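> Turn this into a structure:
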Amino acid sequence: MRATSIIFRRELGAYLRSPIGWVVAAALLLLDGLLFQAFAMERAALSADVLRAFFMWTSITTGIASIVLSVRLVAEERQTGSMVLLNTSPVHDVEIVVGKFLAAFVFLCGMVLLTIYMPLLIKVHGKITYTQIAVGYLGLFLMGATGISVGLFAGCLTRNQLAAYFLGGFFLGIMDALYHLGKVLDPPLRETFSSLDYWWEHFQLGFMSGVLNLKDVVYYGAVTYFFLLLSVKTLEAKRWQ
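Below you'll find the model as predicted:
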């Protein structure tokens, strides 16, 4: 736990000190603000529709930000050669992965929480509940955690950051396309592929509408754990290369 805490503080400090953290945060807030303003200006839309539109677009920007923030965690270490120091220190691979994951997750959650004023404005001028807002943000956090775990795994596969960005985006794109693939298949493959979808099945039909389903929480938790486990096993394999 002590090693995990040290790595967590180191990586979180790196986000706060480096330009990339603030650039990603500024880009996220700018895009979310522009998209929110575009949908909020539609006076004919109901408040619940505006809130759903806000969570829809924010989920997309959150997914992109999760990949951008997480890919560098391991790929940059391997590219600069500093990963050798971690590998030769008395630190387990699981502590490295968990520490880096928590740092990226905390920073991403802070970025996403800065957008809270947007749904609160809808609350002031419309008819939505705090529960709908809380459920939507829970979904964003869970999606972000999954995206970070995917990006972390992509960064473990290659030392080239550009290739890692491509791999992370590719993995998320495949997971998002499973819903559409399931629609053209026959049962039981239809239900199987749909249930593995990253966005449509578990966010759009649940969290985006303010509906909290246990199966959606379990899905994001299980996928996050799966990719973190893959990251640990990949780092263990790299030690012997």
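
> Centre-most residue in the chain?
Gly144 (2.0 Å; Cα atoms, centre = their mean).

> So it is in contact with Gly110, correct?
No: between Gly144 and Gly110 there is no contact under Cβ atoms under 8 Å: 10.9 Å. Quick note: C-beta positions are derived from backbone N, CA and C, even for glycine.

> picking up where we left off before, what about the residue nearest to the centre of the chain, distance to Leu46?
27 Å (Cβ to Cβ, to the nearest Å).

> What of Tyr165?
38 Å.

> More neighbours: those two, which one.
Tyr165 (18 against 12; other Cβ atoms under 10 Å).

> which residues sit in contact with the residue nearest to the centre of the chain?
Thr62, Gly63, Ala65, Ser66, Phe105, Leu108, Cys109, Val112 (Cβ atoms under 8 Å, 6 or more residues apart in numbering).

> before we move on, which element is it in?
Using DSSP states H and E, the element containing Gly144 is helix 130-157.

> which other helices and strands contact the helix or strand that that helix is followed by?
Later in the chain than helix 130-157, the nearest helix or strand by DSSP H and E is helix 161-183. For helix 161-183, the helices and strands in contact under the criterion 3 or more Cβ pairs under 8 Å, 6 or more residues apart in numbering; DSSP states H and E are helix 47-80, helix 130-157, helix 189-195.

> buried stuff in the first one?
Looking back up the chat, that one is helix 47-80. 47-48, 50-79 (16 or more other Cβ atoms under 10 Å).

> repeat for stretch 124-136
So, applying 16+ other Cβ under 10 Å, buried residues of stretch 124-136: Gly126, Ile128, Gln132, Ile133, Val135, Gly136.

> Was I right to think Leu51 contacts Pro119?
Yes: when contacts are counted by Cβ under 8 Å, Leu51 is listed as touching Pro119 (5.9 Å).

> what's the overlap in contacts for these two?
Any residue near both Leu51 and Pro119 by Cβ under 8 Å, 6+ apart counts here, and that gives Ile128, Ile133, Gly136.

> For the chain, which helix or strand comes out least confident on mean pLDDT?
Here the helix or strand of the chain ranked lowest by mean pLDDT, DSSP states H and E is helix 83-88, holding a mean of 62.
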